[in-house]
Every structure is written in structure tokens, then in C-alpha cells.
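J.: Sequence isn't available, so here's the structure alone:
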């Protein structure tokens, strides 16, 4: 039985993960963490999430409950996630991170910390999205520079970072396959008299509206035809299920930094 702590316990993703864990026979919730001052701190997480009592009280410190766990599941924000990973590394506990928006400096720290523990870091835990990433890589290798690449992502109006981590991951997979430099080829907006589109561009456009959970469309536009690949998330269940799957997989791995391609066995 895998024993998990969930951070961001009162958040949309944290609450969904806790709910799914409570109905699972293969993973057990042993801790829940929220930021200091949150009204849910000190209460039973079941009552705070509208479920039955779980006997797990919400703490405002990961160090209070990490010792009894095998893995930490975190969907908070890039700064909090890095702080939690430092604690997990110190305690030699595995950690699954679904936060996005990490800076280059933060990513460097994460890679260093992962040498001493096990970490899955991925902007999207969805099985469908990760299968799509594999398909995009395959198609880019066939279509090469003969097809223009455009990525459109849409999320709810509360999302703070743009473009989404998933859109950036899709763009990176395609750019790597085509041998293109991310800094030179990614185009995030177009306005005014911009001139003809270059062959090396990868367009990444952002939409923020309403309560959209997450839509990603990738267009390979050729002369006389185009291919479109679309992933739409109807709710957060698929992300939560992927995070739990990653946690169950990760506890049996060696130290290192992994992503969902590793979890799903899609890595070449």
C-alpha cells in the first residue's frame, strides 16, 4: 500500500486527488498540507472536502506529516513546489509535481535535488495528453519543415501562467524533433504588419475564458491540407488519476527526475 501526502489540499486539484485516493484500495492518504492561515488547517480533510471523516488533519507544514509517507503529490505553484521538494529530498521521499511556471534557475535546482530522491515533474498528468505528445513527435519527424506548426491553448480565466506548461511541452517536443531552437522559433503573439510567416516558426497562442479546464490544438498546416490534433479535458479527473498513477509508479524507481512519458512507458 502506497502512503501519500497531498499538498495544496484545499485546491481544485488537491481536493480531486484526495477524493480519488479515498476511493482507492492501492494508495492511502496519510497527510494533507495547506498554506498557513488557511481555514482548513487543523480540520479533518474529509470534512473540509465534503467527504466523510478521514482521521487526517490538515497541517500547514509538510515536515509534520512527511515522515510517515512514501510519496508527496503536489499541485500548488512553482515556488511552493520547490520548497516542498527540498523537504522531500532531505527526508528521502518521492515526489510528484504537477505545478508549472518554473524558471530556468528553479529547474536547475530541481534537477540537482532529484539526484538524491525520486521525482516526477510534468505539466500535464493526463494519459491522453502524453499519448498525444508521442504522436506529435512522430508526425513532426515525418512532416519536417514542409508543414507550418501552430499551437492554440485555452484555459479558465483563473490560470496565472501563459502559455500553459502543456502547450510549451508540445512545442518543445516538436522543436526538438525538427532541430529548431526554442528561443528563435517560438512566436507567442502576432499583431500589425508582421510580414510573411517564416518556415521555422512555431506559433503558440493563448486563450483565457470562463471555466475551460484545458484545450490544446496542434495544427500542421501544409499546402492543400492540414492535420489537427486536439485534446480537450472535460474535468480534472484525468489529471488526478494520472498523478496517482505516477505516485504508485515512482515509489519503486531509482533516484532521478522523471515525467509521464517514463511513467507510461512511452520513452524511447
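T.: Cool, got the structure. What you are looking at is a predicted structure, and each value in this text was computed from that prediction instead of being measured. Residues are numbered from 1 along each chain as shown.
J.: Name the single longest helix found in the protein.
T.: Taking DSSP state H as the criterion, the chain has its longest helix at helix 127-143.
J.: what does that helix contact?
T.: 122, 124, 149, 166, 169-170, 173-174, 176-178, 216, 218, 220, 222, 227, 229, 231, 238, 241-242, 245, 260-261, 264, 266 (Cβ atoms under 8 Å, 6 or more residues apart in numbering). Quick note: C-beta positions are derived from backbone N, CA and C, even for glycine.
J.: quick one: buried residues of it?
T.: Across helix 127-143, burial judged by 16 or more other Cβ atoms under 10 Å covers 127, 129-130, 132-133, 136-137, 139-140, 143.
J.: Throw those residues into JSON lines and include pLDDT and distance to residue 116, thanks.
T.: Formatted as JSON lines, the buried residues of helix 127-143 follow (pLDDT from 0 to 100; distance: Cβ to Cβ, whole Å):
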{"residue": "127", "pLDDT": "92", "distance to residue 116": "29"}
{"residue": "129", "pLDDT": "95", "distance to residue 116": "29"}
{"residue": "130", "pLDDT": "94", "distance to residue 116": "26"}
{"residue": "132", "pLDDT": "97", "distance to residue 116": "32"}
{"residue": "133", "pLDDT": "96", "distance to residue 116": "28"}
{"residue": "136", "pLDDT": "98", "distance to residue 116": "33"}
{"residue": "137", "pLDDT": "97", "distance to residue 116": "30"}
{"residue": "139", "pLDDT": "98", "distance to residue 116": "37"}
{"residue": "140", "pLDDT": "98", "distance to residue 116": "35"}
{"residue": "143", "pLDDT": "97", "distance to residue 116": "41"}
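J.: Buried ones from the contacts of helix 127-143, can you make that a ChimeraX selection?
T.: Per 16+ other Cβ under 10 Å, the buried members of these correspond to this ChimeraX selection:
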select :122,124,149,166,169,170,173,174,177,178,216,218,220,229,231,238,241,242,245,260,261,264
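J.: first to last residue in stretch 247-254, what's the distance?
T.: 13 Å (Cα to Cα, to the nearest Å).
J.: Need the residues that contact it.
T.: Applying Cβ under 8 Å, 6+ apart, the contact partners of stretch 247-254 are 2, 4, 26-27, 70-71, 73, 94-96, 118-120, 258, 263.
J.: Does residue 172 touch residue 183 like I think?
T.: No: with contacts counted by Cβ atoms under 8 Å, residue 172 stays clear of residue 183, the gap being 11.6 Å.
J.: which residues sit in contact with residue 173?
T.: Contacts of residue 173 by Cβ under 8 Å, 6+ apart are 133, 136-137, 140.
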